[in-house]
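**Q** the following comprises the amino acid sequence and a computationally predicted model.
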Amino acid sequence: MRTPTNLFALQARFLAVISHELRTPLTTIASFTESLDTDDLAPAERSVALAAVRRNTERMLALVEDLMVVSRLQTGDLELWPTAVDPAEVIREVAELLASREPFTAATVRAEPGPPLSADAPLLRDLFYAVVGTVASGAADRSATVEAEGSDTGWRITVTARQAERLTNEHLMAGMLADPDPPNRRRSTALWMLLAEAIATRHGGSVELTFDPETGAGAEIRLPPTIPPD
């Protein structure tokens, strides 16, 4: 169960991510809207301004949809469709997706055989993709190592990358990661990690960023065998 302190920290980070994600499109829309409110704007310039307003409006609508998913996961309003899932297989799929969606980004997977999880397969894939992609894309060589081990008590997945610094909120807000599904739009890694934490929490698990001076920056995912009842 989350403590009030953890809830406060999550809410503070949630608001920080929203503010960061909305700032750029809102600033762009405000700027181009002001330019449209003139009579001396050339037709070509007016078309450019309208396209920018439309593009950034669509970006905000997509952001609102993402944040609604995060919110519904956190409140338990989003219905899950659990099936028996092999985490090792999903992680290998994620490594292939990451290599195809993010050029020059790679993940080495070391997964021990273990029992399947009862989980929502598409959401579990998004969870692994978010965490592995965030850690790998934040490294200088854009690579990460994933180690997964499972037992009757659940699965522990660690993702590490050779990075001399912690993955701070500033790093996450500056990083970008493409969606694995068409139209493959890009999200900030801060938003991806919010989604990852919400998915893990909804499954009764957790995601924590880690750092060790010897091994580098990374994250640890823990998932129980079954989704706990609401």
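**A** Thanks, I have it. Residues are numbered from 1 along each chain as shown.
**Q** if I look at the residue most central in space within the chain, how far off is Pro87?
**A** Note on the chain: the residue nearest the mean C-alpha position is Trp192, at 1.4 Å, using CA atoms, centre = their mean. For Trp192, the distance to Pro87 equals 19 Å [CB to CB, to the nearest Å]. Every C-beta, even on glycine, is put in place using the N, C-alpha and C of the backbone.
**Q** what do you get for Val131?
**A** For Val131 relative to Pro87 (CB to CB), the value is 12 Å.
**Q** could you do Val132 as well?
**A** To Pro87, Val132 is 12 Å away according to CB to CB.
**Q** look at those two and report which has more neighbours.
**A** Val132 (29 against 25; other CB atoms under 10 Å).
**Q** how far off centre is whichever strand or helix holds the more buried one?
**A** Assigned by DSSP states H and E, Val132 falls within helix 121-137. Relative to its chain's centre, helix 121-137 lies at 7 Å (CA atoms, centre = their mean, to the nearest Å).
**Q** which secondary structure elements does it sit against?
**A** Under the contact criterion of 3 or more CB pairs under 8 Å, 6 or more residues apart in numbering; DSSP states H and E, helix 121-137 touches strand 82-85, helix 87-101, strand 106-111, strand 143-151, strand 154-161, strand 176-178, helix 189-202, strand 216-223.
**Q** hang on, the residue nearest to the centre of the chain packs against Leu127?
**A** No. Contact criterion CB atoms under 8 Å: Trp192 and Leu127 do not qualify, at 9.8 Å.
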